[in-house]
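>>> Starting from these lines, generate the structure:
(6 chains)
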4 protein chains.
Amino acid sequence: MDIASETSSTQKKIINAAIKVFSEKGFEGATTSEIAQEAGVAEGTIFRHFGTKKGILHGILVSAVTSFQKPQFMVSLAEVIEKGDAHSLIHMIKEQLEAIEKQLPLLKMLFYEAQFHTEVQEIIMEKIARPILDLLSQSIGKQKDMQKFRCLDTNLMAVSLISSLWGYVVWKQIAPEQETIDEEEALTQLMDIWLKGVEVNPYNS
Amino acid sequence: MDIASETSSTQKKIINAAIKVFSEKGFEGATTSEIAQEAGVAEGTIFRHFGTKKGILHGILVSAVTSFQKPQFMVSLAEVIEKGDAHSLIHMIKEQLEAIEKQLPLLKMLFYEAQFHTEVQEIIMEKIARPILDLLSQSIGKQKDMQKFRCLDTNLMAVSLISSLWGYVVWKQIAPEQETIDEEEALTQLMDIWLKGVEVNPYNS
Amino acid sequence: MDIASETSSTQKKIINAAIKVFSEKGFEGATTSEIAQEAGVAEGTIFRHFGTKKGILHGILVSAVTSFQKPQFMVSLAEVIEKGDAHSLIHMIKEQLEAIEKQLPLLKMLFYEAQFHTEVQEIIMEKIARPILDLLSQSIGKQKDMQKFRCLDTNLMAVSLISSLWGYVVWKQIAPEQETIDEEEALTQLMDIWLKGVEVNPYNS
Amino acid sequence: MDIASETSSTQKKIINAAIKVFSEKGFEGATTSEIAQEAGVAEGTIFRHFGTKKGILHGILVSAVTSFQKPQFMVSLAEVIEKGDAHSLIHMIKEQLEAIEKQLPLLKMLFYEAQFHTEVQEIIMEKIARPILDLLSQSIGKQKDMQKFRCLDTNLMAVSLISSLWGYVVWKQIAPEQETIDEEEALTQLMDIWLKGVEVNPYNS
DNA sequence: TATGAATGAGTCTTCATTCAT
DNA sequence: CATGAATGAAGACTCATTCAT
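Here you go, the predicted model:
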């Protein structure tokens, strides 16, 4: 029995509709009536399942966390760090980028609303941010132990990596017109900058 | 007679109140009545000056853009890139960090709302994002010409730099408890990662 | 199943309340809150059904037009014209006068607001004014063909007739104190003036 | 010293502006701010002169009554009745019709608002309606005495006459497209209907 | 006397939430 | 369980009126 089966079909419809509407309009900008319409259910049905509007947000988060459990590309990211070769990761990211970009508005909304809803912030921290950081930190730590990476603050290195990637994706979406270079090439360069930045320079040790 | 004097005292009061309330509650979450109260004016007065709630946002943006004209630390950032020495910049950022962090919620709100209000997005792009990118790109370009920086995509390098700094500041605010290292040290390491990442390695050419 | 049943009971309550309040205070002078109170529903309910305040006006108009479909006294008016005998019409008008006078403020408001709301004007013209004029013009035309009425402009004759009646009703309401003559007598004289005014005088042909 | 001189130039400007704005938007639909702008004075100035918005309406009425004192065409109307010849009146009305039509929206507004403001109603009744009715009644009375007009209710005859003319002017404005006949001809026919309607028929006495 | 910025009560309208069916 | 009509508190916005300059 998998987790998803605990969520009824109606709930799924509502969650999906809410993801769409929240992504487009933001949490405050969305209306329960529009979500209901998008989900093809009555407005009252939403409240039967989630109690309040905030409850829907919570529901999305839980659902997201569940499916975020093992973000394949994060695992790969860790591998990249350990192998020092970005090739496979880039390939993977590239393949998943469309999905990521689709989720971007939702993630932005979630991070933004986290400011105003403590519980949202806590869930994001515990279930998303921390695991990712931990995963990366672990890999980075290994490299540091093996003296392949310089002796910098582990957390900082992880933040730097994530920020770069996040920044690239956001920027790509905000200013899509100026795609001077190919996406694969861009990701390669980005990873390369970071790797070169943290690697121990053999001639400087 | 300075530019600021074009903005009446009442308008300033409202702008400041709005910055505070918008920062705390977000644009949609804020109410004009609360802004009025915070500003110590009647609610009607707000609409006398800004017409609509969105008009207040616009007013904030204009005011922000005006005072953002020459962000000292950005100029320094350019210098750093050209000198390859982060020392002075880090010192400056460190000193301005309190101010930046105070503005952070506002900036986050502005960037977030840009999604929903085209004009906000345009102003931010034209007046804030583009100038910064251009400034950095210019400095980076010089270094590339002098073969001090590797031949990577200029925009990408700039995005990578900005993202790292932004990511650090945001992370610091979200997870303030785990300050394992000193702020100055953190910034130094961050800049160092980026610089090492983009510099031409003499032994690798 | 009659047409009226398409309008829910709540809508009917609101329409009736709105008719009353609009009649007393005019469209702009009326408040949705007062209409809600008069209708015994929550203010939000009004907007659930009519969307905007103007929507209520539209609703009234539609409802009025529906019930105005076959104004019995207009049919009689046509008969009078054709028979040249006002007796039956006067009797009918007299009986319906109370109803007409009750509707008078609403009609006045509707005609007045037509100036400011194009759609109201169009509906009134198409559904009320034109049908009445057409009906009368037709009857008048027949009489002209039979050489019972003089060869004057048909529309003008109709306007003259309607205006006299309308003027009498309005005047009666404005200056009710000076009822020197009986209502039936008044209407008889009014119709008589018009009939004599338009009839072919046998001795003058 | 004429009456008009009691009204300052500023007051006149405001009155004229108010007439324009009230005519276009109605009393409730007009704003004091728009009137001030139209008059080229500050909003406060209006209240210095007229106290309240209703005060402006009152001011208009007083001004209108003053200039309405001797409505030339009414005097002519009386003459027409006495002479039984509409020629000169029609000529005059025709000439004044443009002015009348310009005033029509104001008059409609005044009559409409009279419903809601007792004092407005009283002034209109005392200063406009009654004098006109009296003038006409007097002329009609004379004709009745001379057995030229039938022995109908004098007031009713007057109302019938006024209503026809008013109805024609209003109709002309509402449905301007269908001018089948010339204006002069229309007025002639209208007066003719009424005159024939009230005259004693020599062969029927 | 004229001004116009400030006021705040009042308006229309929205929308999360409830509950009888 | 699902529905959707009804709710009413709260929000953005308007505008006649006041008053210090």
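>>> could I have the host helix or strand of residue A:20 exported to CSV, CA atoms only?
Under the criterion of DSSP states H and E, residue A:20 resides in helix A:9-29. What follows is helix A:9-29 as a C-alpha-only set of coordinates in CSV (Å, rounded to 0.1, in the frame of the first residue of the first chain):
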residue,chain,number,x,y,z
SER,A,9,-9.1,10.8,-6.2
THR,A,10,-11.1,13.9,-5.3
GLN,A,11,-8.3,15.2,-3.2
LYS,A,12,-5.8,14.7,-6.0
LYS,A,13,-8.0,16.6,-8.4
ILE,A,14,-8.2,19.5,-5.9
ILE,A,15,-4.4,19.4,-5.2
ASN,A,16,-3.6,19.5,-8.9
ALA,A,17,-6.1,22.3,-9.6
ALA,A,18,-4.7,24.2,-6.6
ILE,A,19,-1.1,23.7,-7.8
LYS,A,20,-2.1,25.2,-11.1
VAL,A,21,-4.0,28.1,-9.8
PHE,A,22,-1.6,28.9,-7.0
SER,A,23,1.3,28.8,-9.5
GLU,A,24,-0.5,31.3,-11.7
LYS,A,25,-1.9,33.7,-9.2
GLY,A,26,0.0,33.1,-6.0
PHE,A,27,-1.6,32.0,-2.8
GLU,A,28,-3.4,35.2,-1.9
GLY,A,29,-4.3,35.9,-5.5
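>>> for chain A, where's the lowest mean pLDDT among helices and strands?
Lowest by mean pLDDT, DSSP states H and E among the helices and strands of chain A is helix A:72-83, with a mean of 66.
>>> Could you tell me the per-residue confidence at residue A:1?
Residue A:1 carries a pLDDT value of 35.
>>> Look up how far chain D lies from residue A:197.
62 Å (CB to the nearest CB, to the nearest Å). For the C-beta atoms, the positions are set from N, CA and C on the backbone; glycine is no exception.
>>> State the helix or strand in which that residue lies.
helix A:183-198.
>>> Buried residues, that helix. List them.
Neighbour-count burial for helix A:183-198 flags A:186-198 (criterion: 16 or more other CB atoms under 10 Å in any protein chain shown).
>>> nearest to residue B:33, of the residues you listed?
Distances from residue B:33 to the buried residues of helix A:183-198, taken as CB to CB, are shortest for residue A:190 (46.0 Å).
>>> Wait, that closest one touches residue A:168, no?
Yes. At 5.8 Å, residue A:190 counts as touching residue A:168 under the criterion of CB atoms under 8 Å.
>>> Mutual contacts of these two, please.
Residues within reach of residue A:190 and of residue A:168 at once, by CB atoms under 8 Å, 6 or more residues apart in numbering or on different chains, are B:156, B:160.
>>> so where is chain A shaky, pLDDT-wise?
Where chain A drops to pLDDT under 70, the residues are A:1-8, A:67-96, A:178-179, A:202-205.
>>> which residues sit in contact with the nearest residue to residue A:151 once chain neighbours are set aside?
Spatial nearest neighbour of residue A:151, chain neighbours left out: residue A:144 (6.3 Å); criterion: CB to CB, 6 or more residues apart in numbering or on different chains. By CB under 8 Å, 6+ apart, residue A:144 lies in contact with A:150, A:151, A:154.
>>> Closest one of these to residue A:64?
residue A:154 (26.4 Å).
>>> how close does that closest one sit to residue B:94?
Relative to residue B:94, residue A:154 is positioned 22 Å away (CB to CB, to the nearest Å).
>>> ok, those two, which is more surrounded?
residue A:154 (19 against 16; other CB atoms under 10 Å in any protein chain shown).
>>> That one reaches residue A:141, doesn't it?
Yes. Taking CB under 8 Å as the definition, residue A:154 is a contact partner of residue A:141 at 5.7 Å.
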